[in-house]
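[1] Fold the following for me, if possible:
(one chain, ligands or ions: 3)
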Amino acid sequence: MTKPLTKDDYAPDDVTVHRDPDRLRRVVRALRAAGRNIALVPTMGALHAGHRKLIREAHVMQNTVVVVSIFVNPTQFGPNEDFAAYPRTFESDVDVCREERVGLVFAPAAEDVYLPGATVTVSPGPLGDELEGASRPGHFAGVLTVVSKLFNIVQPTYAVFGEKDYQQLTLIHRMARDLNFPVDVVGVPTVREADGLALSSRNRYLSEAERAAATALSAALVAGAHVSGQGADAVLGAASATLAAEPAVDLDYLELRAPDLGPAPENGDARLLVAARVGATRLIDNIAVLLGTGDE
Ligand SMILES: Nc1ncnc2c1ncn2[C@@H]1O[C@H](COP(=O)(O)OP(=O)(O)OP(=O)(O)O)[C@@H](O)[C@H]1O
Ligand SMILES: CC(C)(CO)[C@@H](O)C(=O)[O-]
Ligand code: BAL
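    Ligands and ions are numbered 1, 2, ... in the order given. Reported below is the predicted structural model:
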């Protein structure tokens, strides 16, 4: 039998954790009917200051209840990736959500997200096979499928994602447009450590020496951006030289693209993206660059 909603469901004064998608859907429906906006922050948990920034952006919108989903989505991991090892820190994640005045945490079980025999998925189109998708076949179909499910369960007005996963953010914008999701997709700039390393849940896999070497990724992006007035070759040259100087970095790709991840323009706005392994850990980063318009 479905439990009736209580006063706490309408006006939670502490973070409430929901595991059941149907109940969560009923709670957010009641909140919307009471005039609240819903802002969704999808995560895989192991929350850090980057996630806090997304939650704070979600609060900027007026009259909003923030919903954080915590779900390590199996369908976006390849067979040789780190699904089993991915950090799971649920209790401290709920503490972070409480500190950040999150209203609802949605932490479903995999069997409640993927029903037995489910075969329909969201196809990301050609961009899904490039950059991250070339190294992680099927990754973006997994991401877009779970994000579309979260959009349908939570029906948020806003959904907030980080620029750290720039290709993911681009594809989610496209999915919302191409499939008519009535959701405002909001991107948030990357939060970094003092030495430039982009915060990532996977940084905790790094040894001390690897952690030091990992700064080469952001340093390479900054070196590229610094010479952007001289054009694409200069950007790629400066960034490659910085990466090559760090032997512990095993480069996967370094690419310059248009802001929508189409081919890079000769002049104007572009995005420089990098992925590399440092030891066993695969890291990604990116930066905005303005090509060929400087006076260098
Ligand atoms: N440093 C960061 N700055 C801003 N947003 C971030 C940062 N790191 C992650 N995010 C965003 O948080 C959301 C949830 O990401 P996720 O839970 O996978 O964390 P993560 O740190 O990216 O983990 P991973 O190690 O898997 O890359 C995504 O929208 C992601 O882009
Ligand atoms: C968007 C997301 C939560 C989907 O599982 C994941 O890809 C992530 O954490 O960036
Ligand atoms: N933050 C992106 C999720 C992933 O790497 O699977």
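
[2] quick one: M44 from ligand 1, how far?
    As for M44, its distance to ligand 1 is 4 Å (criterion: Cβ to the nearest ligand atom, to the nearest Å). C-beta: built from backbone N, CA, C; applies to glycine.

[3] Leaving out sequence neighbours, find the closest residue to that residue.
    Leaving aside its sequence neighbours, M44 sits nearest to V72 (Cβ to Cβ, 6 or more residues apart in numbering; 4.8 Å).

[4] Give the burial count for the one you found, as a bare number.
    Applying other Cβ atoms under 10 Å, we find 19 residues neighbouring V72.

[5] And A85, by the same measure?
    Neighbour number of A85 under other Cβ under 10 Å is 10.

[6] ok, which residues in the stretch 1-150 of the chain are in contact with ligand 2?
    Selection of the stretch 1-150 of the chain residues close to ligand 2 by Cβ under 6 Å from any ligand atom yields 42-44, 73, 76, 143, 146-147.

[7] Check what pLDDT the residue nearest to M44 gets.
    At V72, the pLDDT value in this model is 98.

[8] Contact partners for it?
    44-45, 83, 86, 88 (Cβ atoms under 8 Å, 6 or more residues apart in numbering).

[9] Tell me who's in contact with E246.
    Counting by Cβ under 8 Å, 6+ apart, E246 has contacts 213, 216.

[10] where along this structure do the helices fall?
    7-10, 21-33, 49-60, 90-99, 110-113, 132-135, 139-154, 166-178, 208-213, 215-226, 232-244 (DSSP state H).

[11] what sits up against the last one?
    Contact partners of helix 232-244, identified using Cβ under 8 Å, 6+ apart, comprise 216-217, 219-221, 223-228, 249, 251, 254, 256, 264, 266, 270, 272, 274, 276, 289, 291-292.

[12] Filter the residues you listed down to the buried ones and express that as a PyMOL selection.
    Under the burial definition 16 or more other Cβ atoms under 10 Å, those of the contacts of helix 232-244 that qualify are selected in PyMOL by:
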select buried, resi 216+217+219+220+221+223+224+225+226+227+228+249+251+254+256+264+270+272+274+276+289+291+292
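
[13] Could you give the bridge partners of the closest residue to ligand 1 within the stretch 151-296 of the chain?
    Nearest residue of the stretch 151-296 of the chain to ligand 1: G162, at 2.2 Å (Cβ to the nearest ligand atom). G162 has these beta-bridge partners by DSSP bridges: V188.

[14] Count the residues that sit near it.
    G162: 23 surrounding residues under other Cβ under 10 Å.

[15] just Y158 next, same as before
    Neighbour count of Y158, defined by other Cβ under 10 Å: 19.

[16] Once you drop chain neighbours, what's closest to it?
    Using Cβ to Cβ, 6+ apart, the closest residue to Y158 is A39 (4.3 Å).

[17] now swap in E81 and tell me
    Closest residue to E81 apart from its sequence neighbours, by Cβ to Cβ, 6+ apart: R136 at 7.2 Å.

[18] neighbours around the one you found, how many?
    R136: 19 surrounding residues under other Cβ under 10 Å.

[19] From D82, how far out is it?
    11 Å (Cβ to Cβ, to the nearest Å).

[20] again with V222
    Taken as Cβ to Cβ, the span from V222 to D82 is 28 Å.

[21] Show me how far stretch 48-60 is from its chain's centre.
    Distance of stretch 48-60 from its chain centroid, counting by Cα atoms, centre = their mean, to the nearest Å, is 12 Å.

[22] ok now do the residue of the stretch 151-296 of the chain at minimum distance from ligand 2, which residues does it touch?
    Residue nearest to ligand 2 within the stretch 151-296 of the chain: D165 (5.0 Å; Cβ to the nearest ligand atom). Taking Cβ under 8 Å, 6+ apart as the criterion, D165 is in contact with I284.

[23] again, but for the one 10 residues further on
    For M175, the contacting residues are 122, 124, 144, 147-148, 181, by Cβ under 8 Å, 6+ apart.

[24] Can you give me the distance of it to V143?
    M175 is 9 Å from V143, where distance means Cβ to Cβ.

[25] which bits of the stretch 151-296 of the chain sit near ligand 1?
    161-162, 164-165, 188, 190-191, 198-202.

[26] Repeat the analysis, applying 8 Å as the threshold.
    Within the stretch 151-296 of the chain, the positions lying close to ligand 1 (Cβ under 8 Å from any ligand atom) are 160-165, 168-169, 188-192, 198-203, 283-284.

[27] Buried among these? Make that a ChimeraX selection.
    Only the buried entries of these go into this ChimeraX selection, using 16+ other Cβ under 10 Å:
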select :160,161,162,163,164,165,168,169,188,190,191,192,198,199,200,201,202,203,283,284
